[in-house]
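predicted coordinates and the sequence they were generated for:
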Amino acid sequence: MRFYGTFFLSLDAKGRIAIPATERAKLEEFCCSRIVVTADLGDRLLVYPEPYFDELADRLNQLPSLKPTTEALQRTLLGYASHAKLDAQGRVLLTPAQRTLAGLEKDAVLIGVGNRYQLWRKDAWAEQQRRDREIAAAALAEEPELSDFRL
């Protein structure tokens, strides 16, 4: 299952987001609406279907446990993780720690990026889009292996 698209959302007073109906249907079919929300390495959250997150957690647990990089990844991805099942309205509660890390208060953007979603603060997403366009334009102009790539 792959997830694509950009969806503008609002957090409610309890800190919940409502997953759009099209995406809820995919999640219901793929994982019975069971998801995991966790921190990303940037100022955003990740929303995984539970089976994909379980694969990630298994890979993290196979890394050498005494390495500082392993511990940092485990603290970030596992330490912020919360399992949830979407409610009847497709809502999921973000923990206070998750909302603080991502700076989420009201407006958010959910981005499908393949096997997961990224959840951004709306203004941070707008800035990232600007950076992404600059990075992509520079890469297409400078990297030979991308010279035949067409948008």
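Ah, there it is.

pLDDT value on Asp40, please?
pLDDT for Asp40: 94.

doesn't Thr22 belong to a helix?
Yes - read with DSSP: H, G, I helix; E, B strand; the rest coil, Thr22 is one of the residues of a helix.

for it, list the residues it contacts.
Remark: with contacts taken as CB atoms under 8 Å, 6 or more residues apart in numbering, Thr22 is in contact with Gly5. In short, each C-beta sits where N, CA and C put it, glycine included.

if I look at it, how far off is Ala137?
Counting by CB to CB, to the nearest Å, the separation of Thr22 from Ala137 is 30 Å.

now do Glu127
Using CB to CB, we find Glu127 at a distance of 16 Å from Ala137.

export the lengthiest helix in the chain to PDB, keeping only CA atoms.
With residue count as the measure and DSSP state H as the assignment, the chain has helix 122-142 as its longest helix. The C-alpha trace of helix 122-142 is given here as PDB (Å, rounded to 0.1, in the frame of the first residue of the first chain):
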ATOM      1  CA  LYS A 122       1.300  24.400   8.000                       C
ATOM      2  CA  ASP A 123       3.800  27.200   7.900                       C
ATOM      3  CA  ALA A 124       6.800  24.700   8.200                       C
ATOM      4  CA  TRP A 125       5.300  22.800   5.300                       C
ATOM      5  CA  ALA A 126       5.100  26.000   3.100                       C
ATOM      6  CA  GLU A 127       8.800  26.700   3.900                       C
ATOM      7  CA  GLN A 128       9.800  23.100   3.100                       C
ATOM      8  CA  GLN A 129       8.000  23.200  -0.200                       C
ATOM      9  CA  ARG A 130      10.100  26.300  -1.100                       C
ATOM     10  CA  ARG A 131      13.300  24.500  -0.100                       C
ATOM     11  CA  ASP A 132      12.300  21.300  -2.000                       C
ATOM     12  CA  ARG A 133      11.700  23.300  -5.300                       C
ATOM     13  CA  GLU A 134      15.200  24.800  -4.900                       C
ATOM     14  CA  ILE A 135      16.800  21.500  -4.200                       C
ATOM     15  CA  ALA A 136      15.000  19.700  -7.100                       C
ATOM     16  CA  ALA A 137      15.900  22.500  -9.500                       C
ATOM     17  CA  ALA A 138      19.600  22.400  -8.600                       C
ATOM     18  CA  ALA A 139      19.700  18.600  -8.700                       C
ATOM     19  CA  LEU A 140      18.100  18.500 -12.100                       C
ATOM     20  CA  ALA A 141      20.600  21.100 -13.400                       C
ATOM     21  CA  GLU A 142      23.700  19.700 -11.800                       C
END
